[in-house]
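Chemist: Sequence plus the predicted model coming up.
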There are 2 protein chains.
Amino acid sequence: MSDASATPPSPRSEHFVQSLERGLMVIRAFSPEAPSMTLSEVARATGLTRAAARRFLLTLVDLGYVRTDGRHFALTPRVLELGYAYLSSAGLPEVALPHLERLVAEVHESSSVSVLDGDDVVYVARVPTSRIMTVAINVGTRFPAYATSMGRVLLSGRSPAELEAYLARVELRRLTPHTVDSVDRLRAAIERAGSQGWAIVDQELEEGLRSVAAPIRDRRGGVVAAVNVSAHAPRTSVEDIRRDLLPPLLAAAARIETDLEIAGRGTAPFPI
Amino acid sequence: MSDASATPPSPRSEHFVQSLERGLMVIRAFSPEAPSMTLSEVARATGLTRAAARRFLLTLVDLGYVRTDGRHFALTPRVLELGYAYLSSAGLPEVALPHLERLVAEVHESSSVSVLDGDDVVYVARVPTSRIMTVAINVGTRFPAYATSMGRVLLSGRSPAELEAYLARVELRRLTPHTVDSVDRLRAAIERAGSQGWAIVDQELEEGLRSVAAPIRDRRGGVVAAVNVSAHAPRTSVEDIRRDLLPPLLAAAARIETDLEIAGRGTAPFPI
């Protein structure tokens, strides 16, 4: 999962409310490695003074987002409300989920929908199969776009100028020995995804994991999201994916597009 | 879904950071009914002045949580990071998910895990089947505890004093003609859930929806979460649920408890 801080926010406006930024930093400081922290640990993790960290933690306790035993602090499930505000307002996850479920019942592999946020794909809907992956993927999980099939179809929907800006700033990390390691090869893969209307990525994000993705387009033809199916490499060859998984995936993408149009909703409540 | 504002936060400490509260209010103002709002609409929805709403919106734009076309504002998927901070730090969803998947593959009905937050159950993990419910349930969805099977097993794990305080303050809304309408009947149902180790709720949350839930306990015996299976009333009688769904549900709950113990994790990083 890529670090969100890798995408720097735009320059601060004069109206910037620093307390809000710091409070959100405190929420994001909690992680699987640090599910519970003392005041000092929160201060260290956020770079805040102890006094400031204390004010934000106590405010979050008052608001019900954090709980404490007096010494340790941990997030409460109320924090989910914040992400839920996005999921429920976006509309897309709700529209897509029944189609993902039908697709998963058909192909017996996990399927997800993601959108582009900065230079990452972010999962907004997911139907897993019962096979356990080494990577735990949830709604909200982020991966660098260049290493994923959904990222490539999402990037193929960007304007040439946006794509070139992305290619100029992207740092390609070798997540596996197969990860694309040149900007030219990445550009070619994205262009191919755009012209053929799908992308297969072969173990570039994680060893042993292959996936195929298709774009979800709004009525104007803009790529608003991507849908994928992933499979285990030892069991499913690239040719298997193309023959067995791609056709049902493209059919599911088309059904999602139809339903989005009927619902009059996409991920974009206004043109971006 | 119950309104979060129904559970009033505790009295404000002197260290309370009002800007943080207001910024979080702005995030929560977006909804399926209002996925995109103008400045005036956000001010109206939050009770903030236009000037204040503008400062918070622009700060959220700077931080990447909100996007704007200059006139309308909408949340970005970055907001999911906040909920993800909870999900990843809680540990429980990750541990439970493979067991939910196995259970759903076995019984062909949707299964979820929830925890108690205030007087609501909040879904923290869910594996749906391909049948579409009239209620869309996601991770982060909240329902009043009294009307759900998970709520009753969760309430059965509270101390007698906590339970009586809950019963003294709860307002029972008739969500369907079947919803429990007396505190005495609710207390009896919760006590039965505690003594038998499971609860069935028959169309009290939604007409046509039955569900059965079991507690997930930590090694000290405390109820840290609940796991359920839900089914359509016309197809599945209460007796069907007891005979066909309850045994695999109890087996899944036991497996989740074992894995939580092995992982050394529960929803509570410290005793509550």
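Modeler: Here it is on my side, so go on.
Chemist: measure stretch A:229-248 end to end?
Modeler: With C-alpha to C-alpha, to the nearest Å as the measure, stretch A:229-248 spans 10 Å from end to end.
Chemist: Spell out, range by range, the helices that occur in the stretch 101-250 of chain A.
Modeler: Taking DSSP state H, counting those that start in this stretch as the criterion, the stretch 101-250 of chain A contains helices spanning A:149-156, A:160-169, A:183-196, A:238-240, A:246-263.
Chemist: Just give the nearest non-adjacent residue to the closest residue to chain B within chain A, would you?
Modeler: Nearest residue of chain A to chain B (C-beta to the nearest C-beta) works out as A:Gly83 at 2.6 Å. Bear in mind the C-beta positions are built from the backbone N, C-alpha and C, glycine included. Distances taken as C-beta to C-beta, 6 or more residues apart in numbering or on different chains put B:Gly83 closest to A:Gly83, at 2.6 Å, once the chain neighbours are dropped.
Chemist: what's the one you found in contact with, if anything?
Modeler: Counting by C-beta atoms under 8 Å, 6 or more residues apart in numbering or on different chains, B:Gly83 touches A:Val79, A:Leu80, A:Glu81, A:Leu82, A:Gly83, A:Tyr84, A:Val139, A:Gly140, B:Val139, B:Gly140.
Chemist: Give the PyMOL command for selecting the buried subset of the residues you listed.
Modeler: Applying 16 or more other C-beta atoms under 10 Å in any protein chain shown to the contacts of B:Gly83, the buried members can be selected in PyMOL as follows:
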select buried, (chain A and resi 79+80+81+82+83+84+139+140) or (chain B and resi 139+140)
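Chemist: ok, A:Ala213 - contacts?
Modeler: A:Ala213 makes contact with A:148-150, A:152-153, A:193, A:198-199, A:201, A:226-228, A:249, according to C-beta under 8 Å, 6+ apart.
Chemist: Now the residue nearest to A:Gly83: which helix or strand?
Modeler: For B:Gly83, the element it lies in under DSSP states H and E is helix B:80-90.
Chemist: tell me the average confidence for stretch A:24-34?
Modeler: Averaging pLDDT along stretch A:24-34 gives 89.
Chemist: Could you export that stretch as PDB, keeping only the C-alpha atoms?
Modeler: Extracted as PDB, the C-alpha positions of stretch A:24-34 are listed here (Å, rounded to 0.1, in the frame of the first residue of the first chain):
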ATOM      1  CA  LEU A  24      -7.100  14.200  10.800                       C
ATOM      2  CA  MET A  25      -3.400  13.400  11.100                       C
ATOM      3  CA  VAL A  26      -4.100  12.100  14.600                       C
ATOM      4  CA  ILE A  27      -6.800   9.800  13.200                       C
ATOM      5  CA  ARG A  28      -4.500   8.500  10.500                       C
ATOM      6  CA  ALA A  29      -1.700   7.900  12.900                       C
ATOM      7  CA  PHE A  30      -3.400   4.700  14.100                       C
ATOM      8  CA  SER A  31      -2.500   1.600  12.100                       C
ATOM      9  CA  PRO A  32      -2.200  -2.200  12.400                       C
ATOM     10  CA  GLU A  33       1.200  -1.700  13.900                       C
ATOM     11  CA  ALA A  34      -0.100   0.900  16.300                       C
END
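Chemist: Pull out the buried residues from that stretch.
Modeler: Buried, per 16+ other C-beta under 10 Å, within stretch A:24-34: A:Leu24, A:Met25, A:Val26, A:Ile27, A:Arg28, A:Ala29, A:Phe30.
Chemist: returning to that earlier point: of the contacts of B:Gly83, closest to A:Asp259?
Modeler: A:Val139 (19.1 Å; C-beta to C-beta).
Chemist: Give me the phi and psi for that closest one.
Modeler: phi -60, psi 130 (degrees, to the nearest 10).
Chemist: Could you pull up the residues touching it?
Modeler: With contact taken as C-beta under 8 Å, 6+ apart, A:Val139 is in contact with A:Gly83, A:Leu87, A:Pro93, A:Tyr123, A:Val124, A:Ala125, A:Arg126, B:Leu80, B:Gly83, B:Tyr84, B:Asn138, B:Val139.
Chemist: the inter-axis angle of the helix holding B:Gly83 versus helix A:80-90?
Modeler: Between the axes of helix B:80-90 and helix A:80-90, defined by axes from the mean of the first three to the mean of the last three C-alpha atoms, to 10 degrees, the angle is 140 degrees.
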